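>>> sequence isn't available, so here's the structure alone:
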């Protein structure tokens, strides 16, 4: 049983992935209608071996990307071979599964400097003068 490491605490078995080879879209010449090189990878989040809290976190993070039956689907057709596309699809899945567990950095609010405030007010004054000079109408 081959395990795919999501982070130091989480891993999924390779058997949990549903990998299907499909035909690639777009231009391709003579081989396009004969060879299925694109990969459709499905990962059933609800039926996975992940802990309940982790599943809930993934479902909440990707609520718009996960199908109604709880599957996260990834399609890859970047390469010309099935094997390379399979590796790319697994890499993408692991990347997607890592994102919900990355802590969000807290934003530290900043204020504009005194020089920036003065510059802004000066530019406003100059703009105002330009508009005033246009206003002095014809008599």
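Yes, it's here. Predicted, not measured: the structure shown is a model, and the values here were computed from it.
>>> in the helix or strand that contains residue 115, what's buried?
Under DSSP states H and E, the secondary-structure element containing residue 115 is helix 114-135. For helix 114-135, burial by neighbour count (16 or more other CB atoms under 10 Å) applies to no residue. Backbone N, C-alpha and C define where each C-beta goes, glycine included.
>>> cool, stretch 71-79 as well?
By neighbour count with 16+ other CB under 10 Å, stretch 71-79 contains the buried residues 71, 72, 74, 75, 76, 77, 79.
>>> state the pLDDT value of the residue nearest to the spatial centre of the chain.
Against the mean C-alpha coordinate of the chain, by CA atoms, centre = their mean, the closest residue is residue 96 at 7.0 Å. With respect to pLDDT, residue 96 scores 83.
>>> pretty sure it belongs to a helix, no?
Yes: residue state for residue 96 (DSSP: H, G, I helix; E, B strand; the rest coil) corresponds to a helix.
>>> report all helices and strands that the helix holding residue 115 contacts.
With contacts defined as 3 or more CB pairs under 8 Å, 6 or more residues apart in numbering; DSSP states H and E, helix 114-135 has no packing partner among the helices and strands.
>>> what comes up buried for the helix or strand of the chain with the lowest mean pLDDT?
Taking mean pLDDT, DSSP states H and E as the measure, the helices and strands of the chain show their lowest mean at strand 3-5, namely a mean of 75. The neighbour-count criterion (16+ other CB under 10 Å) identifies residue 4 as the buried residues of strand 3-5.
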